[in-house]
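S.K.: Need a 3D model of the sequence below.
(one chain, ligands or ions: 2)
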Amino acid sequence: MATSDQVKALLKSHADGDDRRFYSIARQIAAEAAQKGHGKIAQEIKEMLDSVSDRPVNAVHIDRPNAIPLVQPKGELGGLISVEYSNLKLDDLILPVETAQRLNRIVLEHRQKHRLHEHGLNPRSKILLVGPPGTGKTMTAKALAGEMRLPTFSIQLDRLLTKYLGETAAKLRLVFDNIKQTRGIYFFDEFDAIGGKRNVGNDIGEVRRVLNSFLQFIDDAGSDSLVLAATNHPEILDQALFRRFDDVIFYEMPDRDLVLKTLKANLKGQNTKNVKWNEVADAAAALSFAEITRVCTDAMKTVILEDWESLSTQLLLDVINQRLQVKS
Ligand SMILES: Nc1ncnc2c1ncn2[C@@H]1O[C@H](COP(=O)(O)OP(=O)(O)OP(=O)(O)O)[C@@H](O)[C@H]1O
Ligand SMILES: [Mg+2]
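M.R.: Ligands and ions are numbered 1, 2, ... in the order given. Model (predicted):
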């Protein structure tokens, strides 16, 4: 039978959303039951575990009652707010060491939030992600969701504003009222659409109302959830807003080391014995992580379609040049 420590550990891992630990403790209980001769119970637990672990990780969340309230907004808001489950991990991101450490710290604080709570502290839960296109901001939201096993609710603020000019604040409010009870990652993309100092072409009153609604939401969201806002344009953000976040994380274009790492990571498993990495990395110097990823996919497709045996330096240089032309 499970010991009281095991029951406590089960409860704690459940509260932390740490499914991996939850199942590992359950397996431990089954193994101990088998050792003690409680074969039937051990078998039953194992079967239950097998049937759950056959399902995708996400399904475990979908089954959770507290993840249900706003599974996918229907009707007019449906296209503007989406919910997604992810298996990405922080290790899938290629980042400077310091950025990776800061993201790991967020996960650690959430995993260990009980210890923080005991001292009257909360995990950091309102984070602003700043940086150029294609540097991993959206991917970060998904990776944090994967690590924390939570759904991601994405809200496209710029589209929301253009679509519902005049009534966005009220609509947003409705949605917020619905979702703030649900533990999740809330990802507000194009945050400058509401956080900017000036909003040319928009009704300023409306933008302010939406911003206030957003700020109210992040105050009410509680520290169990994670609110992420992302922008490419920090220069137009109202400085006062930076203070509303627990952390601001800056993303950069990859330096040479990271260009190389991204190329190699994306071409893993390919035959690259003839590739002159230095030449390719030089050529790709001005590309973002996202563009390098696409370059690699393009090159792999050509190898398949042309039935080539391996990737060549020339092919990679060609696809990089094509990408650079699209940019200019
Ligand atoms: N740091 C990174 N490490 C690994 N892959 C990355 C990284 N950044 C981007 N990518 C790749 O590029 C894709 C697009 O990146 P992502 O959507 O995260 O960029 P973004 O910073 O959100 O850009 P935007 O500002 O245009 O929204 C990712 O799905 C991933 O394949
Ligand atoms: Mg993005």
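
S.K.: List the contacts of the closest residue to residue 41 other than its chain neighbours.
M.R.: Nearest non-adjacent residue to residue 41, counting by C-beta to C-beta, 6 or more residues apart in numbering: residue 33, 4.9 Å away. All C-beta atoms are positioned from the backbone trio N, CA, C, and that covers glycine. By C-beta atoms under 8 Å, 6 or more residues apart in numbering, residue 33 lies in contact with 1, 39, 41-42, 45.

S.K.: Near ligand 2, which residues of the chain? Just list them.
M.R.: Proximity of the chain to ligand 2, by C-beta under 5 Å from the ion, involves residues 137-138.

S.K.: ok, which stretches of the chain are strands?
M.R.: 81-84, 126-130, 152-156, 185-189, 226-231, 247-250 (DSSP state E).

S.K.: Now tabulate the ones you listed in TSV and tack on mean neighbour count.
M.R.: Below are the strands of the chain laid out as TSV (neighbours: other C-beta atoms under 10 Å):
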stretch	mean neighbour count
strand 81-84	17
strand 126-130	23
strand 152-156	21
strand 185-189	25
strand 226-231	25
strand 247-250	16
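
S.K.: a markdown table for those, including mean pLDDT and distance to residue 116?
M.R.: A markdown table is the format used below for the strands of the chain (pLDDT from 0 to 100; distance: least, C-beta to C-beta, whole Å):
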| stretch | mean pLDDT | distance to residue 116 |
| --- | --- | --- |
| strand 81-84 | 85 | 27 |
| strand 126-130 | 95 | 15 |
| strand 152-156 | 89 | 23 |
| strand 185-189 | 92 | 19 |
| strand 226-231 | 94 | 14 |
| strand 247-250 | 96 | 15 |
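
S.K.: What is the neighbour count of the nearest residue to residue 46 once chain neighbours are set aside?
M.R.: Excluding its sequence neighbours, the residue lying closest to residue 46 (C-beta to C-beta, 6+ apart) is residue 30, at 5.1 Å. Using other C-beta atoms under 10 Å, residue 30 has 21 neighbouring residues.

S.K.: How many residues are close by the residue in the stretch 1-150 of the chain that ligand 2 sits nearest to?
M.R.: Residue nearest to ligand 2 within the stretch 1-150 of the chain (C-beta to the ion): residue 138, separated by 3.2 Å. When counting by other C-beta under 10 Å, one arrives at 18 neighbours for residue 138.

S.K.: Next: residue 101.
M.R.: 11.

S.K.: and the closest residue to residue 193 other than its chain neighbours, how far is that from residue 266?
M.R.: Spatial nearest neighbour of residue 193, excluding adjacent residues (C-beta to C-beta, 6+ apart): residue 158 at 3.9 Å. Per C-beta to C-beta, to the nearest Å, residue 158 is found 29 Å from residue 266.

S.K.: Between these two, tell me which one has more neighbours.
M.R.: Neighbour count, other C-beta under 10 Å: between residue 158 and residue 266, residue 266 has more, with 19 against 14.

S.K.: Do I have it right that that one meets residue 294?
M.R.: No. Look at residue 266 against residue 294 with C-beta atoms under 8 Å: they stay out of range, at 9.1 Å.

S.K.: Tell me how far the residue nearest to residue 277 when sequence neighbours are not counted lies from ligand 1.
M.R.: Leaving aside its sequence neighbours, residue 277 sits nearest to residue 260 (C-beta to C-beta, 6+ apart; 6.1 Å). Distance, residue 260 to ligand 1, using C-beta to the nearest ligand atom, to the nearest Å: 13 Å.
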